[in-house]
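*Asks:* A structural model of the following input is requested.
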Amino acid sequence: MSSCPTCGNRGYLCQRCRMDELEDRLGLPSEHFDADAGIVCWVQDLNDEWHASMYFEGSQHVSACGDIFETPVADVRHDPRRINEAETCHGCIARLEADDEDNETLPDGGEFEPASKLLADGGEVDVYQWVLENVHEYPAGTDPRWGSRGNLVYEGRKLNGVEKNDVQKAIARAVDNEDLLSWHGLLARAEIDRLRELVRIEHEEHDITRQILVGKCNKLIAKKKRERAGESAEAAVNGGETA
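*Replies:* Next up is the predicted model:
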């Protein structure tokens, strides 16, 4: 008999006991994880929609569409044939199909170009620069105007000689350097025009404006404008010296 002071497991389970029971039955993401194996499992969200879990961050599943789900999720399945197609996340399917096309496209008689060719022959991948250049190439399923942290990490660890931790560190450094804006699993380049657009969206498209996000955007906009003004002044001085 449970010692739970709320339900005691008599006839029904309280929310806490229900979550514990789900975790005991379905396990943690780490128990389903197989590095670089593609889809780890399929997880069901609270809206009964199934998402392809690609890897985990601590106790969170990161899905192919970029959505992040805290353990325990509503359900976990490993065989996609047991999942109703109508209940499968369209964003996850689109991302998986795009990955298939990327992996299968090969010039006649050619070979796949190593990821290091993205920068320089024989050189190592500059993960920091790759993150900045590609953050919006892997948009979030919830809002394509944002990049997805989960998708960016998933794609970045495919680069030659690059591990997941390398991409995560590069993202963290870019956020600390204020080259990227981070918001609950979403990422955006900290560029004035893009930040202004995010502020506009918050005011015009959301019923409840997220003031913390707007404040972060406005702070970055002000800083970027100061930096731009400083660069212009320095260029003017240098131009005067050489004239």
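*Asks:* Who are the packing partners of the top helix by length along the chain?
*Replies:* For the chain, the longest helix by residue count, based on DSSP state H, is helix 211-242. Helices and strands touching helix 211-242, by 3 or more C-beta pairs under 8 Å, 6 or more residues apart in numbering; DSSP states H and E, are strand 180-183, helix 192-205. From N, CA and C alone the C-beta is placed, and that goes for glycine too.
*Asks:* Including mean neighbour count, distance to Y138 and mean pLDDT, could those go into CSV?
*Replies:* Shown next, in CSV, are these (neighbours: other C-beta atoms under 10 Å; distance: least, C-beta to C-beta, whole Å; pLDDT from 0 to 100):
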stretch, mean neighbour count, distance to Y138, mean pLDDT
strand 180-183, 20, 13, 87
helix 192-205, 14, 16, 85
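*Asks:* which element follows the top strand by length along the chain toward the C-terminus?
*Replies:* Taking DSSP state E as the criterion, the chain has its longest strand at strand 50-57. Downstream of strand 50-57, the first helix or strand assigned by DSSP states H and E is strand 60-63.
*Asks:* average model confidence for that next one?
*Replies:* What strand 60-63 shows for mean pLDDT is 80.
*Asks:* ok, back up a step: want to try CSV for the helices and strands packed on helix 211-242, with distance to P139 as columns?
*Replies:* Below are the helices and strands packed on helix 211-242 laid out as CSV (distance: least, C-beta to C-beta, whole Å):
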stretch, distance to P139
strand 180-183, 14
helix 192-205, 13
